[in-house]
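S.K.: need the 3D shape of this:
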Amino acid sequence: MAMHSYPNLATLSIAITLELFIGSPLATWAQSMRSQFPEVAINWTPPNRGTPAQTEGAGTRDQGTCASGETTPNPPLTALMPINSLALTVADRPTFFVYVPATSAKTAEFVLKDENDDNVFTTKIELTGESGIVSISLPADAKPLETGKTYLWYFDLVCNSGKRIFLDRLMVERVEPSQALQRQLQQAKERDRPNVYAQNGLWYDTLMALAQMRRSASNNATLTADWKQLLESAGLKQIADKPLIDCCTIQSSTVSNPFETQR
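M.R.: All right, here's what the predicted structure looks like:
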């Protein structure tokens, strides 16, 4: 006599539960919550172009403080840059991110130079002393980056005594977006774009896209977790949980070679 196989009670119970759940008010609520807190799951994928030529000497030269009574910051002034990896962008005027510790310095200076060591953009920035991650965006009247060229950028804290705590020789290179990337971005939802940039090795664009999302939804725990995961995957664990702040005011773009006597 032929034997018949029947689902056990546990399997049947699960099937009935799923059938009742799908399309129910509870399922609709769950879907709504998922849309408000999307799972971006960002991991940095370095571009497959080898190690950058300039690795030694990049970063903080002086991890001290402005005033003798201040505690040495931990973490110190830090550029949001992937460790020992090219930092690429498709933007003609990218945004740069720096972690600034609590400091008595009232101003900072930012400089962008081309391959010939000529200034492309320079500016002075007012600080409030608050610690956190700040951003410096190239304005519309700044000269756009050219594709295929490497640029170096610098960021200095200017102490009242004239001493400088600085980040130097940090790289950015603008590349032409491939047709495949353009299609990906056109098809991607806004919440998926940081991951598209990250998978294509575009560091500056990944940071900027995710930072914009975080600023528009500052209480979104998922976006905060994605930001932390991104920085940790790029070797920036020590500042992964630091807040994004709008602490600074760009005064002008008229600083003239402020670092020439410091390098």
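S.K.: drop to CA atoms for contacts and neighbour counts, all remaining ones
M.R.: OK.
S.K.: now find how far off-centre stretch 168-175 is within its chain.
M.R.: Remark: stretch 168-175 is offset 14 Å from the chain centroid, using CA atoms, centre = their mean, to the nearest Å.
S.K.: what segments of the stretch 101-250 of the chain are strands?
M.R.: Here the stretch 101-250 of the chain has its strands, by DSSP state E, counting those that start in this stretch, at 107-113, 119-126, 132-137, 150-158, 164-174, 249-252.
S.K.: can you redo those as JSON lines with mean neighbour count?
M.R.: Below are the strands of the stretch 101-250 of the chain laid out as JSON lines (neighbours: other CA atoms under 10 Å):
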{"stretch": "strand 107-113", "mean neighbour count": "21"}
{"stretch": "strand 119-126", "mean neighbour count": "19"}
{"stretch": "strand 132-137", "mean neighbour count": "18"}
{"stretch": "strand 150-158", "mean neighbour count": "22"}
{"stretch": "strand 164-174", "mean neighbour count": "22"}
{"stretch": "strand 249-252", "mean neighbour count": "13"}
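S.K.: any chance of CSV for those strands, columns distance to residue 83?
M.R.: Formatted as CSV, those follow (distance: least, CA to CA, whole Å):
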stretch, distance to residue 83
strand 107-113, 20
strand 119-126, 25
strand 132-137, 17
strand 150-158, 16
strand 164-174, 11
strand 249-252, 28
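S.K.: now these in JSON lines, with distance to residue 205 and mean pLDDT?
M.R.: JSON lines is the format used below for the strands of the stretch 101-250 of the chain (distance: least, CA to CA, whole Å; pLDDT from 0 to 100):
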{"stretch": "strand 107-113", "distance to residue 205": "17", "mean pLDDT": "95"}
{"stretch": "strand 119-126", "distance to residue 205": "19", "mean pLDDT": "92"}
{"stretch": "strand 132-137", "distance to residue 205": "12", "mean pLDDT": "93"}
{"stretch": "strand 150-158", "distance to residue 205": "16", "mean pLDDT": "94"}
{"stretch": "strand 164-174", "distance to residue 205": "11", "mean pLDDT": "91"}
{"stretch": "strand 249-252", "distance to residue 205": "21", "mean pLDDT": "56"}
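S.K.: and of these, who's closest to residue 85?
M.R.: For these, the distance to residue 85 is smallest for strand 164-174, at 9.7 Å, taking CA to CA.
S.K.: just checking, what packs against the closest one?
M.R.: When contacts are defined as 3 or more CA pairs under 8 Å, 6 or more residues apart in numbering; DSSP states H and E, strand 164-174 packs onto strand 59-60, strand 88-89, strand 150-158.
S.K.: which residue sits closest to the residue nearest to the spatial centre of the chain, ignoring its sequence neighbours?
M.R.: Closest to where the C-alpha atoms of the chain average out (CA atoms, centre = their mean) is residue 207, at 2.7 Å. Spatial nearest neighbour of residue 207, chain neighbours left out: residue 194 (7.4 Å); criterion: CA to CA, 6 or more residues apart in numbering.
S.K.: distance of the one you found from residue 202?
M.R.: Using CA to CA, to the nearest Å, one obtains 9 Å as the distance from residue 194 to residue 202.
S.K.: do the same with residue 185
M.R.: 13 Å.
S.K.: so for the two, which sits in the more crowded spot?
M.R.: residue 202 (27 against 16; other CA atoms under 10 Å).
S.K.: and residue 98, helix, strand or coil?
M.R.: With DSSP: H, G, I helix; E, B strand; the rest coil as the basis, residue 98 sits in strand.
S.K.: what's the local residue count around the residue lying closest to it once chain neighbours are set aside?
M.R.: Leaving aside its chain neighbours, residue 98 sits nearest to residue 79 (4.5 Å; criterion: CA to CA, 6+ apart). Residue 79 is flanked by 23 other residues according to other CA under 10 Å.
S.K.: could you pull up the contacting residues of residue 79?
M.R.: Taking CA atoms under 8 Å, 6 or more residues apart in numbering as the contact definition, residue 79 lies against 59, 97-99, 167.
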